[in-house]
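Participant: would you be able to build a 3D model of this:
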Amino acid sequence: MAIRIVRLGEPRAKDEGLRVGTVRRPPRGVPKSEFASRDFYDVWLPNLSPSAELVASALDAAAAKDKAGWKKFTSAFRKEMAAPDASHVLELLVAMSRQANLSVGCYCEDEAWCHRSVLRELLAERGADVKA
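Facilitator: Have a look, this model is predicted:
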């Protein structure tokens, strides 16, 4: 069993399992009843998205391809994910991935400049089998 890191809205991989949206906001203009059928997510888990302030800094860093800004973002996001609530959710996902396939995702086009790249690292550090 494994966790996949995905871009929300893209077609699901075979055997991807439950898709978890780790985004601050639901997709715009999409009825809630269509989130899953349109390959966004089955379950919304905003606890694993960056705070509003961090989202703004990440967008700025990504737009400018600012490596120093991105490093600052990843450090701050890791700190947010170390808080007990987020840390417990990460542990739950790791445990679930030992029993079933699941996926975690965000809307960003480029994972290298997206918080899901940090989630990939955090899940792997906790022992999850993270698939490409």
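Participant: point out where the protein drops to low pLDDT.
Facilitator: Counting by pLDDT under 70, the chain contains no low-confidence range.
Participant: quick one, strands of it?
Facilitator: Counting by DSSP state E, the chain has these strands, from start to end: 3-7, 18-21, 43-44, 102-106, 130-131.
Participant: pick the most deeply packed of those strands.
Facilitator: With neighbours defined as mean count of other CB atoms under 10 Å, those peak in mean count at strand 102-106, which reaches a mean of 23. Yep, even glycine has a C-beta here, placed from its N, CA and C like the rest.
Participant: just the CA atoms of that strand, as CSV, please.
Facilitator: The C-alpha trace of strand 102-106 is given here as CSV (Å, rounded to 0.1, in the frame of the first residue of the first chain):
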residue,chain,number,x,y,z
LEU,A,102,-4.5,6.9,-0.8
SER,A,103,-3.4,10.1,-2.4
VAL,A,104,-2.7,13.6,-1.2
GLY,A,105,-2.8,16.6,-3.4
CYS,A,106,-3.0,20.3,-4.2
